[in-house]
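J.: Would you be able to build a 3D model of this:
(one chain, ligands or ions: 3)
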Amino acid sequence: MSTDTVQVLQSDGFNKSRWTQLPRDVLIGHQAILQLPDIIADIRPGRSVLIISGGTTREVAGNAVEDILKDSYDVKRFVAGKLDTTTLEACSQASLSADFLIGVGGGRVIDCAKIVSYKQGKPFISVPTAASHDGIISGRATLPTEAGSVSVGAHPPIAVVADTGIISQAPHRLMASGCADVISNYTAILDWELAHRLRGEQISEYAIALSKMTAEILVKDANLIKPGQEEAAWIVVKALVSSGVSMAIAGSSRPASGGEHKFGHALERLIPGAALHGEACGIGSIMTMYLHGGDWREIRSSLARIGAPTTPKELNIPDEIVIEALLKARDIRPERYTILDMGLTRESAEHLVQMLYEA
Ligand SMILES: NC(=O)c1ccc[n+]([C@@H]2O[C@H](COP(=O)([O-])OP(=O)(O)OC[C@H]3O[C@@H](n4cnc5c(N)ncnc54)[C@H](O)[C@@H]3O)[C@@H](O)[C@H]2O)c1
Ligand SMILES: O=P(O)(O)OC[C@@H](O)CO
Ligand SMILES: [Zn+2]
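T.: Residues are numbered from 1 along each chain as shown. Ligands and ions are numbered 1, 2, ... in the order given. So this is what the prediction gives:
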């Protein structure tokens, strides 16, 4: 390095720096997948692509994406049945001959594409088939492991193509779950602020403001979120994108994931597949809002208005398992301090679950 450069680099002691990664193109709207060739032409990621989808989502949109691209690109496909290390390894192998990846599906498929993209250093495009989670643009991936869910570093997608027609035709339960994932931002923020006050954890006011505003706008528009409506898909996808941006600004999932998410991850381990990700976090958020002394009834009524579950019974989950998940939450990502890490007892966990059924 030349002396001139060293002089330019000198500072007054301020040494913070943050690299925020965001997608280059975000396209949301009616028949958006038809514009995939334009998006790819804009990015120029190469000529061969691996389309990653799930069993169902391949039928829903994976095949259509393949059809749209097959005349101009060398297309291969990979079906990710579940998200585990074996699948990730197989997907990585399949990606070796591809220049770029496209993840077409729900949260697990997109996380699979995100992780493989990061490991292989290849760009990926996110094509969500449901508005069920706020990971559609985030640079983090959630990996279920034996020891619980871990948030792993990944690349954000280079582009997002969210087709509101496809998304509006997904089961409403998925969209309601995505709304619950966003509504749970309210308590994620309270937990982050708590960790800041109690533990000196660094917070980002910008990330907090965006995350909170996103939840507020979604709750304000709750009456427009109806099954089968493309406008509803439009509203929810925008909220999911906005929540994802808050995570990108924070450089972690903190503004959108607090104790209610630790509870959700614990519940998924105890009774896999019984609740969708957002559903579990929504119920968790009612309980942690109560512990924060906030308006938990407002969280509950917002979830109910959107059609998301507010009690374990609606998901056929025994109350006892929810109590266990509340107590187990502290073992999930112990470094992430939340209201559930402040000495919750079995008695208070039982009370929290009973409270969900209160009129
Ligand atoms: N990386 C992040 O920042 C982030 C954020 C939120 C959630 N997540 C993760 O994402 C996952 C949750 O996502 P999810 O709720 O989408 O779960 P999921 O990916 O398991 O999808 C749920 C179900 O919906 C089906 N599906 C998707 N689109 C459909 C459609 N159009 N029609 C019919 N069925 C359709 C899928 O086949 C699947 O059976 C969790 O693993 C969670 O931890 C990650
Ligand atoms: O890091 P986690 O807890 O998976 O959070 C990411 C996302 O689910 C936030 O809505
Ligand atoms: Zn979430």
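
J.: Please identify the next secondary structure element, helix or strand, after the lowest-mean-pLDDT helix or strand in the chain.
T.: Least confident helix or strand, the chain: strand 148-153 with a mean of 77, by mean pLDDT, DSSP states H and E. Next along the chain after strand 148-153, taking DSSP states H and E as the criterion, comes strand 159-163.

J.: For whichever helix or strand comes after that following strand, which helices and strands make contact with it?
T.: Later in the chain than strand 159-163, the nearest helix or strand by DSSP H and E is helix 164-168. Using 3 or more CB pairs under 8 Å, 6 or more residues apart in numbering; DSSP states H and E, the elements in contact with helix 164-168 are helix 230-250. (C-beta placed from N, C-alpha, C; glycine too.)

J.: ok, and for the helix it packs on, which residues are buried?
T.: By 16 or more other CB atoms under 10 Å, the buried positions in helix 230-250 come out as 230, 232-250.

J.: same question, stretch 137-150
T.: 137, 138, 139, 140, 141, 142, 143, 144, 148, 149.

J.: That one near ligand 1 at all?
T.: Yes - on the criterion CB under 6 Å from any ligand atom, stretch 137-150 is in touch with ligand 1 at 138, 140, 141, 142.

J.: What's opposite the second one in the beta bridge?
T.: Right, the one you point to is residue 140. For residue 140, the beta-bridge partners are residue 153 (DSSP bridges).

J.: Surely it touches residue 151?
T.: Yes - between residue 140 and residue 151 there is a contact under CB atoms under 8 Å: 5.2 Å.

J.: Which residues are in contact with each of those two?
T.: 252, 253 (CB atoms under 8 Å, 6 or more residues apart in numbering).

J.: Where does the prediction get shaky in the stretch 151-300 of the chain?
T.: Along the stretch 151-300 of the chain, the model assigns pLDDT under 70 to no residue.

J.: Can you pull up the residues of it that come close to ligand 1?
T.: 170, 171, 174, 177, 181, 253, 276, 277.

J.: Turn these into a markdown table, including neighbour count and distance to residue 79.
T.: Converted to a markdown table, these look like this (neighbours: other CB atoms under 10 Å; distance: CB to CB, whole Å):
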| residue | neighbour count | distance to residue 79 |
| --- | --- | --- |
| 170 | 23 | 18 |
| 171 | 13 | 20 |
| 174 | 21 | 19 |
| 177 | 28 | 22 |
| 181 | 35 | 25 |
| 253 | 24 | 27 |
| 276 | 27 | 21 |
| 277 | 26 | 21 |
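
J.: Show me the two of the residues you listed that sit farthest apart.
T.: Between any two of those, the greatest separation by CB to CB is 25.1 Å, found for 171 and 253.

J.: So residue 130: helix, strand or coil?
T.: coil (DSSP: H, G, I helix; E, B strand; the rest coil).
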